[in-house]
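Q: quick one: sequence plus predicted model below, questions after.
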Number of protein chains: 2
Amino acid sequence: MKVAIQGIPGSFHHQVALNYFGPQTEVAPYRTFEEVAGAVASGKVDYAVMAIENSIAGAILPNYELIDRYGLYIFAEYYLPISHHLMALPGQQIEDIKEVRSHPMAILQCKKFFQQYPGILLQDDVDTASVAKRISEEKIKGVAAIASKTAAEIYHLEILATDIQTVKDNFTRFILLQKDFPGLKEVPEKASLKIIISNEKGSLAKLLTLMSDFDLNLTKIQSIPVMEKPWNYAFFIDTEFDDYEKYKIALKAIEEKGGEVRIFGEYHKGR
Amino acid sequence: MKVAIQGIPGSFHHQVALNYFGPQTEVAPYRTFEEVAGAVASGKVDYAVMAIENSIAGAILPNYELIDRYGLYIFAEYYLPISHHLMALPGQQIEDIKEVRSHPMAILQCKKFFQQYPGILLQDDVDTASVAKRISEEKIKGVAAIASKTAAEIYHLEILATDIQTVKDNFTRFILLQKDFPGLKEVPEKASLKIIISNEKGSLAKLLTLMSDFDLNLTKIQSIPVMEKPWNYAFFIDTEFDDYEKYKIALKAIEEKGGEVRIFGEYHKGR
């Protein structure tokens, strides 16, 4: 079993793969989300892990677009609490650190911690784990990384300070992907959908009224910006429900009214 | 007059500042969007330019959140066609280039172009313009940047290939910010709003029905993920309208029904 992740070993995607599939999981690291989606679609890997909400990995919207374009299936979601740790070469003390490098978002999330160390220069870098890797491989002294516990373990760095992020209960939502619909093993309580509706006045209001009438609870709605055709009326929607049969009837009702529904996945609620 | 931008001179934000305010505009470059928002709020700069949709600058959602948190005002929007150019030190030919460095999104957008140059290694970097700057300052041969025309001009690089992005009509939407409500000079046709509604069944459907009844056309809707309180019913909404008076009555009606409305800005439609 092989799981595609975006980023190098030690990234948050890697952490989710280990947490979900177990500590022996073989991961296949890819540079971009596009390559991750391609690896699943071509069968090079069995599964993939992809950040989808509140991510430090950059834009979120393009990932739903990738799932759409590559025709992938979401079979689970996973919420990872984001823990940032400060790490450097073994033996280094925090007083030795002149520079900290990490992803801009990780730096932002830890800004308060560094207020007590005004002598430390904060520098943007491509991501969190690759800085840890570089410090380790090139034996760079005086520089620390902000990264995950897994990164510290993999690259044999020493953690100088744990949980240095300002907001302590910061979760990132990840989704787990595979190529084909795996068949439902359990009754799902959540679904990710793309719904296209006709470009008429009030059509979104009507769609949501219908969903509400069938007791579908929206947890996320995102209009898709199609610059060429302003307000093309396409949406990525996540919805939760207690009654799977009622949910299926609702989808049928949407289609009968001219809506186009594509199911990205039906799965258990995470956490 | 001073305009805050995210990124270094030569970035797409810089380009928008020049296009909107004129070629003599003095820009104040900041590392993060948070710092840009802070600079406007503290009065250090007069205006700011911020990418908000379909951006290569990373996540979009946090920027509405920043406008909300810093209490800034959107007074205009601007659509910039994204043109990527390949540039290197003067005298270098495309045959001399062994490596291209840029923002991952810019690389992705130009992937097709590089299929004809399989010998060129594509490498992620922090952003587009900073690579151009580094090549220029450190006189790096054999490496090219993917960046804007402005970046080539500022850093005295030679453009080896123009408009190398796969999709030719790729626009990024920027907003223009200032600290206080400037007073309306013209009747606006567009507004950016944050609306919070009660957590009751079908409340979003009711809100959108009301908006539709008052002829407000939604161009963007985005639920705000509040991880701790799933479905806290807060939305960022952009809406267009023909009748400003009717729009104001609609906002009043939303508030009368218990909705909370915060106006991020009322402005002219861009382009």
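A: Structure received. Quantities reported herein were computed from a predicted structural model and do not represent experimental measurements.

Q: could you give the number of residues near residue A:127?
A: When neighbours are counted by other Cβ atoms under 10 Å in any protein chain shown, residue A:127 registers 26. Any C-beta I mention is one placed from the backbone N, CA and C, and that applies to glycine too.

Q: should've said residue A:93
A: 9.

Q: try residue A:196
A: Quick note: residue A:196 (other Cβ under 10 Å) scores 15 neighbours.

Q: could you find the closest non-adjacent residue to it?
A: residue A:260 (4.2 Å; Cβ to Cβ, 6 or more residues apart in numbering or on different chains).

Q: residue contacts, the one you found?
A: A:195-197 (Cβ atoms under 8 Å, 6 or more residues apart in numbering or on different chains).

Q: switch to 10 Å and redo it
A: A:194-198, A:234, A:254 (Cβ atoms under 10 Å, 6 or more residues apart in numbering or on different chains).

Q: and for residue A:117?
A: A:86, A:94-95, A:97, A:100, A:161.

Q: the same query, at a cut-off of 6 Å, please.
A: With contact set as Cβ atoms under 6 Å, 6 or more residues apart in numbering or on different chains, residue A:117 has no partners.

Q: can you check residue A:269 too?
A: A:189-190.

Q: what about it, which SS state?
A: Look at residue A:269: counting by DSSP: H, G, I helix; E, B strand; the rest coil, its state is coil.

Q: where do the helices of the stretch 1-150 of chain A begin and end?
A: Per DSSP state H, counting those that start in this stretch, the stretch 1-150 of chain A carries helices over the ranges A:12-21, A:33-41, A:61-70, A:104-109, A:111-114, A:129-137, A:149-154.

Q: rewinding a little: now do the phi/psi pair for the residue nearest to residue A:196.
A: phi -110, psi 130 (degrees, to the nearest 10).

Q: could you check how far it is from chain B?
A: 18 Å (Cβ to the nearest Cβ, to the nearest Å).

Q: now do residue A:141
A: 23 Å.

Q: that residue: neighbour count?
A: Residues near residue A:141, counting by other Cβ under 10 Å: 13.

Q: do you know how far the residue lying closest to it once chain neighbours are set aside is from residue B:14?
A: Nearest residue to residue A:141, sequence neighbours excluded (Cβ to Cβ, 6+ apart): residue A:89, at 6.1 Å. Applying Cβ to Cβ, to the nearest Å, the value for residue A:89 to residue B:14 is 38 Å.

Q: over to residue A:27?
A: From residue A:27 to residue B:14 the distance is 39 Å (Cβ to Cβ).

Q: can you check residue A:205 too?
A: For residue A:205, the distance to residue B:14 - Cβ to Cβ - is 40 Å.

Q: show me which of those two is the more surrounded one.
A: Taking neighbours as other Cβ under 10 Å, residue A:205 and residue B:14 compare with residue B:14 leading, 24 against 20.

Q: quick one: that one and residue B:6 touch, right?
A: No. Counting by Cβ atoms under 6 Å, residue B:14 sits too far from residue B:6 to count as a contact (9.5 Å).

Q: closest one to residue B:174 among the helices of the stretch 1-150 of chain A?
A: Residue B:174 lies closest to helix A:61-70 among the helices of the stretch 1-150 of chain A, at 16.8 Å (Cβ to Cβ).

Q: so does that closest one get close to chain B?
A: No. Using Cβ under 6 Å from any Cβ of the partner chain, helix A:61-70 never reaches chain B; the gap is at least 6.9 Å.

Q: from the contact counts, what lies against that helix?
A: helix A:33-41 (3 or more Cβ pairs under 6 Å, 6 or more residues apart in numbering or on different chains; DSSP states H and E).

Q: now do the helix it packs on and helix A:12-21, the angle between them.
A: With axes from the mean of the first three to the mean of the last three Cα atoms, to 10 degrees defining the directions, helix A:33-41 sits at 30 degrees from helix A:12-21.

Q: helices and strands around helix A:33-41, which ones?
A: Looks like helix A:33-41 contacts strand A:2-6, helix A:61-70 (3+ Cβ pairs under 6 Å, 6+ apart).

Q: and chain A, what are its domain boundaries?
A: A:2-82+A:170-176, A:85-161, A:190-267 (automatic domain parsing).

Q: tabulate those domains in a markdown table, adding columns for distance to residue B:241 and mean pLDDT.
A: Formatted as a markdown table, those follow (distance: least, Cβ to Cβ, whole Å; pLDDT from 0 to 100):
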| stretch | distance to residue B:241 | mean pLDDT |
| --- | --- | --- |
| domain A:2-82+A:170-176 | 25 | 87 |
| domain A:85-161 | 35 | 93 |
| domain A:190-267 | 12 | 86 |
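
Q: which one of the ones you listed is the most hemmed in?
A: Per residue and on average, the most neighbours among the domains of chain A fall to domain A:2-82+A:170-176, with a mean of 21 (mean count of other Cβ atoms under 10 Å in any protein chain shown).

Q: that domain spans what distance, first to last residue?
A: 13 Å (Cα to Cα, to the nearest Å).

Q: give me the residue at the spatial middle of chain A.
A: residue A:51 (0.9 Å; Cα atoms, centre = their mean).

Q: between the two ends of stretch A:143-163, how far is it?
A: 18 Å.

Q: residues touching it, excluding its own?
A: Taking Cβ under 6 Å, 6+ apart as the rule, stretch A:143-163 contacts A:9-10, A:12, A:14-15, A:83-88, A:90, A:94, A:97, A:99-100, A:102, A:106, A:110, A:128-129, A:131-133, A:135-136.
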